[in-house]
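Asks: Any chance you can model this:
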Amino acid sequence: MKIAAVSEDGVTISQHFGRAPFYVIVTVEDGKIVARERRDKMGHAQFAGESHAESTHGADPRGHGFGADAQSRHARMAAAIADCQVLLARGMGAGAYQNMEDAGIRPVVTNIASIDEAVQAYLAGALEDHVEKLH
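Replies: Numbers count the residues shown, from 1 in each chain. Now for the predicted structure:
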């Protein structure tokens, strides 16, 4: 199993999915982390020059992040972790969350900052998904 976490330092889970510069991918076998890698993640910096007209709350009845342009950006963010089953973040938009689910990746919004601690909690079935933090 592969679990991705958005990060800014390689150790902690970023508080904002869209702004995190990279993913930390951990490979888990028999309940233990056996490998770790870093992958670049597209985000706000790369998308700065693109249209964001749909990202206003009134553009789509579901709110921020559900317009066609946002879905395209989210798909590009998901492509880097297409081989992962889970994505850990400490905050993200509702559109990004839905797009990860649509890509077959289980997003989890956690309060746990440490990547290793959050992975262990997930494996133990004790990681809460704080969907109230979606924006």
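
Asks: Please identify the helix or strand for the closest residue to Asn99 other than its chain neighbours.
Replies: Once its chain neighbours are removed from consideration, Asn99 has its nearest residue in His74; the separation is 3.6 Å (Cβ to Cβ, 6 or more residues apart in numbering). To be clear about C-beta, it is placed using only N, CA and C from the backbone, and glycine gets the same treatment. Secondary structure from DSSP states H and E places His74 in helix 68-79.

Asks: From the contact counts, what lies against that helix?
Replies: Under the contact definition 3 or more Cβ pairs under 8 Å, 6 or more residues apart in numbering; DSSP states H and E, helix 68-79 sits against helix 94-102.

Asks: So for the helix it packs on, what gets flagged as buried?
Replies: Neighbour counts using 16 or more other Cβ atoms under 10 Å place Gly95, Ala96, Tyr97, Gln98, Asn99, Met100 of helix 94-102 among the buried residues.

Asks: how close does Phe17 get to Met92?
Replies: According to Cβ to Cβ, to the nearest Å, Phe17 stands 4 Å off from Met92.

Asks: So these two - more neighbours on which side?
Replies: In this view Phe17 and Met92 are compared by other Cβ atoms under 10 Å, and Met92 has more residues nearby, 27 against 24.

Asks: Secondary structure element holding the more buried one?
Replies: Met92 belongs to no helix or strand when assigned by DSSP H and E.

Asks: again, but for Val6
Replies: Val6 is located in strand 2-7, with elements delineated by DSSP H and E.

Asks: So what touches that strand?
Replies: Identification of contacts with strand 2-7 by Cβ atoms under 8 Å, 6 or more residues apart in numbering yields 13-14, 16-17, 20, 22-28, 39, 41, 81, 83-89, 105, 115, 118-119, 122.

Asks: Now the buried members of these.
Replies: Of all the contacts of strand 2-7 considered here, the ones buried according to neighbour count by 16+ other Cβ under 10 Å are 13-14, 16-17, 20, 22-26, 28, 41, 81, 84, 86-89, 105, 115, 118-119, 122.

Asks: now, which of the residues you listed lie within strands?
Replies: When DSSP state E is applied, the buried ones among the contacts of strand 2-7 are split such that Phe22, Tyr23, Val24, Ile25, Val26, Val28, Val86, Leu87, Leu88, Ala89 fall in strands.
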